[in-house]
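**Q** following is a predicted model, sequence given first.
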Amino acid sequence: MSDPDGGRGVSDALHDPTTADSRGGQGYPRSDGDRDLPLETYVLSVNDRDLPVDDAWVGESLLYVLRERLGQPGSKNACEQGECGSCSVLMDGAVVASCCVLAADAVGSAITTVEGLTGEGELSDVQRAFIDQGAVQCGFCIPGMIVALTDLLDRSPAASELEMREAISGNLCRCTGYGRIFAAFRQVQQERADARA
Amino acid sequence: MSVIARPSTLQDAFDALDALPDAHLLAGGTDFMVEVNFGHRRPPAVVAIRRVPQLQGYEIRADEVDIGAAVTWTTIERELAGELPALAAAARTVGSPQMRNAATIGGNIATASPAGDGLPVLLAADATVVLASRQGERTVPFAEFVTGVKRTVLRPGEIITRVRVPRLTGPQEFLKVGTRNAMVISICCAALLVDRVGRTVRIGLGSVAPTPVRAPEAESYIAAEIDWDALWAPPESVARFGELVRDAVRPITDHRGTAAYRSRAVQVIATRALERSLA
Amino acid sequence: MPAPSLPATFTRRRRAPGLGESVLRPDAPPKVRGEFAFSSDLYVDGMVWGKTLRSPHPHARILRIDITGALAMPGVHAVVTQDDVWGSRTYGLERHDQPVFADGVVRFHGEPIAAVAADHPELAARACAAIEVEYEVLEPLVDAEAAITAPPIHPDGNVFRHIRLRHGDPEATGDVVVEGTYQVGMQDQAFLGPESGLAVPSEDGGVELFVATQWLHVDRDQIAACLNLPREKVRLSLAGTGGAFGGREDVSMQIHACLLALVTRRPVKMVYSREESFFGHVHRHPATLWFRHHARRDGTLVAVESRMVFDGGAYTSSSTAVIANATCFAAGPYRVPNAKVDGYAVRTNNPPCGAMRGFGAVQTSFAAEAQMDKLAAALGMDPVELRLKNALRPHDQLLTGQVITGVAPVEECIRACRELPLPPAADPDADLMTLPGGAGRTALPHNVRRGVGFAVGFKNLAFSEGFDDYSSARVRLELGADGEPVATVHVATAEVGQGFVTLAQQIARAELGVSSVVLHPADTQVGSAGSTSASRQTMISGGAVQMACAGVREVVLERAALDLHLAPADMVLGDGELTTKDGERSVSLAAALRAGPVEAYREFHHAPTDPLDENGQGNAHWSLAFAAHRAVVDVDEELGLVRVVQVATAQDVGKALNPLAVTGQIEGGIAQGLGLAVMEEIVVADGRIRNPSFTDYLLPTPLDMPPVVQTWIEQPEPGAPYGAKGVGEPPTISSTGAIVAAIRAATGRPLDRVPVRPDDIALPAPTTAAS
């Protein structure tokens, strides 16, 4: 869990009152390396397809690469520090925050985004439940919520309400207050239980 | 020339570190990527070590669990709750489920944040950190590994490979204070481990000092007060334990909490952790 | 009417049209598939990335800016500063007092200094870091009270507005008097979709902007003025907006992006990081409020005195209107025959503040409701009974002397809320995760005490004080490619998540009897819809759509009647048919449209209001909405940690046009009230924001939100389309006060500040009173 204290850089200068001299500069030591971005070329496996990433800055997050290079903007960028879940994707079957994954290191892993949860034009039962229960308002948190709840219901079909809340405790929503999202979870759980019966 | 190496053996990792001397050593990425996204860090190169076999998996032994540095907090939470209850409890509070699926115990140790949730447990358990480099392997007691705020004895060219956590016989508790019910940096936390065999009580405290700390005076006091057969101590002794823990730390005031509150809170959670551990 | 939040799940919703039905959102399918294009998702070939350089100091003189190093970096296309603003150098919602970039002087931490356009966002960030700025750091003015008389930090002075309200006999006193000073910390809207948009230069020298915002036309006007362009050459379209809650009413990146686009002649995309977002938009005003309540021994309120200072930060934004609301509604929804209220909104070097859901009424509700509880205690009365005794009714006067002419079911809200079932008693075997401390598992059941609290709140709906508040809609009805009637609705209403897109379709279907309704993208090619704020869009834009549909209906009725040699008044439109009133004859709507499309353009203005006079008196408001809240909390007193167990509410909604949407708005608004009560605060020290991240600005998670039990009072509001009242803000106004009242009940602590911090509960009270 990151604790953004210590270290120096652009945003630190925004916080740091101790710059005794009045030069603004952002406190980052300047070197030639700053002028050019170190680049990397690699291939990622996203939604069962191998997609090339060419000459990308090595520091790009998986979230950035998905959104800006690979045409998969479904995962969202609400905080880019692992504190909101809007960027959630499945990586080798586990839900992770793609903003905290170095894209160039995601090579060799199977990545599934919200766009890859269903076939073209289809809606999963989880997605339908979100629609039916009024769980969507602005929608920014929704892809991450859908990924996290899809994963939970697949892993733990009989999850209790408390387990569900804990499983999505890393997915923030600012619009709904979560009530209708919990209702969507219950709808899917009930439907799947009925189908098994 | 490539600026990222993804070694699949330890030797390849050492070669990569030689070839890319300014490279950042990347495990789960949950600390590193936040810094990059914020513009705090501009990595000229990266050596990503999550594939190295020597860092994977865990081995349950009679007296310890040997955990690979690349093991995630989710794995520890779900699979080691029986063997290492306090560590599993701490794992459950690290960030969010998304973070726990990616963040590694090795990364947490290497970052050495004063607020790292697993670190007080490792300190209380007297864990050992195993470091490997081209020159060979060395082990460092966890108590000596973290030397200051985000400072460790890790040398250039060294990689944390394993963390060995002793298994203790006795109750274990982990309590973490935060102003929200989930996904929160601790205002303070306490890991309490009772060793019935060794007849010791260990307490590791987080977010109340530049590094995780123990409370040796409190620990030896209560060890002497406990009726070890019944695993019981008089309430006054339990209360005194809490006071001694409070006296052992010098917390600061920052935007997350005041020193006065941290002192009060650490006393309360130390007391409660002990209460829950005793009959 | 019991709202469908009990039981907790709905059965599958019908997709049938119909006002009053829980119609599903038309944009939900793309949103759940991740295919809905938000403003940060936009992409166009050849675009460059914009980034802002911001001041690290809250107050400073800018001695020198050197952009040469930045400009020389490969991949950098442009660097602009205030010197490059060729039109109006300042902008603003109420007053144009905010410079596009800091103009020789910095007045808040994070104020924009310059902007860069580069090929990659990381290059843009490094270019910003390469801009050399020499500051002469100045002492920031951070004390709002002191700011009233301090030397001005801006040519326009330090007092945005002082409202002096005197009602009845300002010197009236009562037998029982209680007073207190209360503080409200700075809350942030924290909408999840970051500030973002794409500016594209046009062939005609103008610019097109796709942006997330609350008010397209006001953004357009400010951009046009600053870029010295005629309005017609600045074309805005609403891009997918990830929430707003007031934080997008002011301009953020709009002018910067358009300026860069015109300078580079390239499309420019700007996306704020979360950290930048905390600096880049206005916040809720922190406030200090002193109140003195006078009552008779039987509990009848005699007089209320108050002095409140709202810290508006560096620039005006909407502070003048926020303090007006705070002053007008200062005492809460009660009959107060005499009042003396002085409301100040002041300028400091703290972060700028402006609109946030509740808009001034949140701060006063917290204080006034605490006062009502103090009064109840002093009188030995039940706090709910005290409120019932004084509750406003239709034909009562507000503090402004205005007589309430609309519906005001305050007593009904209070009674209905009180009657809602309480949660089950605390469970001795409860999972520790459900106790205060949550995942930290710090409490056992015996460490926890439960408390219950109550609060009631209200405010105006739509804009006030003589503002001509209106919206415009164009509706077109024609035959689609399949030969069936299709209606197209063109409104500039900013959909920020509240569900207006659903309502617009419901209205068109109901008014025109068509099932197929298409929404034209919201843009500046149609007249202004006003702001998505003040809980107004259902009423005002809903009204405009209704009127435009009526205009279309008039024409098709005429056509059908002509066909049948009847008068239009003899026929009705519904379900795709124009039928005679006796049901005997009909013409299909499709047939009536064969002669060609029918289009109508209408504006809906709410009834005029008046400004406030020199005593703060006047018929300043059009419509009001009320809500009562009850909160149940569990508190771990030793650690000062709180778990909200349940929030119950009864809200005055006029008419629920979409029950599912109303339910969601109320739950979401209460979540924000909960946040302000126990966890949300922008910590500002010496003018600096200490916690600009979600690590330390805490929003409620799924483990923090309790069940919300809601019921609605539906009394149609006269003069409001369909009798419906806006529902967005009332949930946020008194939910905070109810939660804090519950914590007071559990702990016995006076708790005069929000958010309540663990220290406030767990530590002994300081021996010296806070100033």
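**A** Everything's here; your move.
**Q** right, and B:Gly39 touches C:Ala127 too?
**A** No - judged on Cβ atoms under 8 Å, B:Gly39 makes no contact with C:Ala127 at a distance of 11.8 Å. In this view, the C-beta of every residue, glycine as well, is placed from N, C-alpha and C.
**Q** more crowded one of the two?
**A** Between B:Gly39 and C:Ala127, C:Ala127 has the larger neighbour count (other Cβ atoms under 10 Å in any protein chain shown), namely 30 against 24.
**Q** tell me which other helices or strands whichever strand or helix holds that one touches.
**A** For C:Ala127, the host element (DSSP states H and E) is helix C:121-130. Helices and strands touching helix C:121-130, by 3 or more Cβ pairs under 8 Å, 6 or more residues apart in numbering or on different chains; DSSP states H and E, are helix A:10-15, helix A:32-35, strand C:48-54, helix C:68-72, strand C:76-80, strand C:112-118.
**Q** 7 Å instead?
**A** With contacts taken as 3 or more Cβ pairs under 7 Å, 6 or more residues apart in numbering or on different chains; DSSP states H and E, helix C:121-130 sits against strand C:48-54, helix C:68-72, strand C:76-80, strand C:112-118.
**Q** the residue of chain B found nearest chain A and C:Leu435, how far apart?
**A** Distances between chain B and chain A by Cβ to the nearest Cβ are smallest at B:Ser96, namely 2.3 Å. Per Cβ to Cβ, to the nearest Å, B:Ser96 is found 20 Å from C:Leu435.
**Q** please say which of these two ends up with more neighbours.
**A** A direct count of neighbours by other Cβ under 10 Å for B:Ser96 and C:Leu435 places B:Ser96 higher, at 30 against 24.
**Q** phi, psi for the more buried one please.
**A** In terms of degrees, to the nearest 10, the main-chain angles of B:Ser96 are phi -130, psi 170.
**Q** OK, contacts around it?
**A** Taking Cβ atoms under 7 Å, 6 or more residues apart in numbering or on different chains, we find B:Ser96 in contact with A:Gly85, A:Ser169, A:Gly170, B:Met183.
**Q** what's the local residue count around the last one?
**A** To tie it back to what came earlier, the one meant is B:Met183. Around B:Met183 there are 32 residues (other Cβ under 10 Å).
**Q** kindly report the same for the first one.
**A** Residue neighbour count, defined by other Cβ under 10 Å, stands at 32 for A:Gly85.
**Q** the residue lying closest to it once chain neighbours are set aside sits in which helix or strand?
**A** In space, and not counting its chain neighbours, A:Gly85 is closest to A:Asn171: 3.5 Å by Cβ to Cβ, 6 or more residues apart in numbering or on different chains. If you go by DSSP H and E, A:Asn171 is not part of any helix or strand.
**Q** residues of chain B that sit close to chain C?
**A** B:38-39, B:92-93, B:175-185, B:255-256, B:258, B:260-261, B:264-265, B:268-269 (Cβ under 7 Å from any Cβ of the partner chain).
**Q** please repeat the previous calculation with a cut-off of 8 Å.
**A** B:37-39, B:42, B:89, B:92-93, B:174-187, B:189, B:255-258, B:260-261, B:264-265, B:268-269, B:272, B:276 (Cβ under 8 Å from any Cβ of the partner chain).
**Q** now the buried members of those residues.
**A** Neighbour-count burial (16 or more other Cβ atoms under 10 Å in any protein chain shown) is assigned, among the residues of chain B next to chain C, to B:37-39, B:42, B:89, B:92-93, B:174-187, B:189, B:256-258, B:261, B:264-265, B:268-269, B:272.
**Q** perfect, I'm done here.
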